[in-house]
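**Q** predicted coordinates and the sequence they were generated for:
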Amino acid sequence: MPELPEVETIARNLRRGTNSAPSLIGQTIQKARLLWSRTLAEPDADTFQGLLPGQKVVEIGRRAKFLTITLSESILVFHLRMSGDLRVEPSESPLAKHDRMALDFQSGWRLGFNDTRKFGRVWLLNDTNSLFAALGLEPDDPELTPKRFHEILQQRKRAIKPLLLDQHFIAGLGNIYTDEALFSAGIHPLRSSETLDQEDAAKLLEAIRSTLARGIEANGASIDWVYRGGSFQNNFQVYQQTGNPCPRCGQPINKTTVGQRGTHFCPNCQPLTGE
DNA sequence: ACGAGCGCCTGTCGGC
DNA sequence: TGCCGACAGGCGCTCG
């Protein structure tokens, strides 16, 4: 499910609290329960469950699509992959159907990692250096200037959509926001990266940033049973709009496959050739 | 370096 | 109604 805006929204809710649950900051873990063993990437289950009790939540953050919970002595990292979610509920309420891990706090609240498809992963680490070492820059990193973006696009010779999805190139984009940003910039998903000139690169970087910002403002996107609370799905221009009129030119939106991912675009506003 | 194919999982939807 | 394949917001791996 979640891409950068959804993970960011979840991190903010855990940090600030919501109408229905308090902030986790400052709370002390009483007990950790691993409910599906493969969900835990590192360390082993006994170590994990042994190390967590007594640790206090210091800080909650995000890097790419990873959500980080800094504890007094370790750092807990989540990747939600396709169907993961983090929920704060009263400890006495029953576990939800697809809960894979649960942290009970002394306060009587519980953090549940719910993940229908079991692709999500959890790490308990001393630091995130090696886990995050190969990640690309955050889209909003000031070091990522239009000039720098153009340069790294020139260094590659790869279809732009799979390149944007590559977390080593730039971190945080997924299938929805990539399709939306490419539409916003008027760039065909199969366009080869090195063919983008400075103007194209600047336009694309701006499109990525504004699309992600609008996603965050909408608290992310909610689709089907996966992830609740966001409304960005009401603002999709091309994603899941196959056959609908393009909001810019009225031609029907196309769907194809690029890099084995469903890909939505306007063939008129995002021409492959002619430039 | 790049892209295709596949595995990992459960659930939903459309077609027959 | 039931079955069956396609598909789903991710990513790591192998292979050519």
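**A** On my side now, so go ahead. Residues are numbered from 1 along each chain as shown, chains lettered A, B, ... in the order given.

**Q** name the strands paired with whichever helix or strand residue A:255 is part of and say parallel or antiparallel.
**A** Using DSSP states H and E, residue A:255 maps to strand A:254-258. Here strand A:254-258 is paired, per DSSP bridges, with strand A:261-265 (antiparallel).

**Q** one step back: buried stuff in the strand holding residue A:255?
**A** A:254-255, A:258 (16 or more other CB atoms under 10 Å). In this view, the C-beta of every residue, glycine as well, is placed from N, C-alpha and C.

**Q** so which of the residues you listed reach DNA strand B?
**A** residue A:258 (CB under 7 Å from any atom of the strand).

**Q** sorry, back to before: give me the mean pLDDT for the strand holding residue A:255.
**A** For strand A:254-258, mean pLDDT rounds to 96.

**Q** equivalent analysis for stretch A:116-124, please.
**A** Mean predicted lDDT for stretch A:116-124 stands at 97.

**Q** give me the buried positions along it.
**A** Under the neighbour-count criterion of 16+ other CB under 10 Å, stretch A:116-124 has A:116, A:120-124 buried.

**Q** residues contacting that stretch, please?
**A** Contacts to stretch A:116-124, defined as CB atoms under 8 Å, 6 or more residues apart in numbering, come from residues A:36, A:38-43, A:47-48, A:51-52, A:74-84, A:98, A:100-101, A:113, A:131, A:225-226.

**Q** please repeat the previous calculation with a cut-off of 7 Å.
**A** A:36, A:38-43, A:48, A:51, A:74, A:76-84, A:98, A:100-101, A:113, A:131 (CB atoms under 7 Å, 6 or more residues apart in numbering).

**Q** low-confidence ranges in the stretch 1-150 of chain A?
**A** Residue ranges of the stretch 1-150 of chain A with pLDDT under 70: A:1.

**Q** close to DNA strand B: what parts of it are there?
**A** Counting by CB under 7 Å from any atom of the strand, the stretch 1-150 of chain A sits next to DNA strand B at A:38, A:97-98, A:116-119.

**Q** so which of those reach DNA strand C?
**A** Near DNA strand C, by the rule CB under 7 Å from any atom of the strand, you find A:117, A:119 out of these.

**Q** which one of the residues of the stretch 1-150 of chain A next to DNA strand B is nearest residue A:181?
**A** Using CB to CB, residue A:119 comes nearest to residue A:181 of these, at 23.9 Å.

**Q** what helix or strand does the closest one sit in?
**A** Going by DSSP H and E, residue A:119 is not in any helix or strand.

**Q** how far away is it from residue A:227?
**A** 14 Å (CB to CB, to the nearest Å).

**Q** what about stretch A:152-165, average pLDDT?
**A** Mean predicted confidence for stretch A:152-165 is 98.

**Q** pull out the buried positions in it.
**A** Within stretch A:152-165, the residues that count as buried by 16+ other CB under 10 Å are A:152-153, A:158-165.

**Q** with the residues of the stretch 1-150 of chain A next to DNA strand B in mind, which one is nearest to DNA strand B?
**A** Comparing those against DNA strand B with CB to the nearest atom of the strand places residue A:117 closest, at 3.3 Å.

**Q** so that closest one sits in a helix?
**A** No. Read with DSSP: H, G, I helix; E, B strand; the rest coil, residue A:117 is coil and lies in no helix.

**Q** in CSV: the residues of the stretch 1-150 of chain A next to DNA strand B, plus distance to residue A:187.
**A** Formatted as CSV, these follow (distance: CB to CB, whole Å):
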residue, distance to residue A:187
A:38, 38
A:97, 41
A:98, 37
A:116, 33
A:117, 31
A:118, 35
A:119, 29
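
**Q** of the residues of the stretch 1-150 of chain A next to DNA strand B, which pair is most distant in space?
**A** A:38 and A:97 (17.2 Å).
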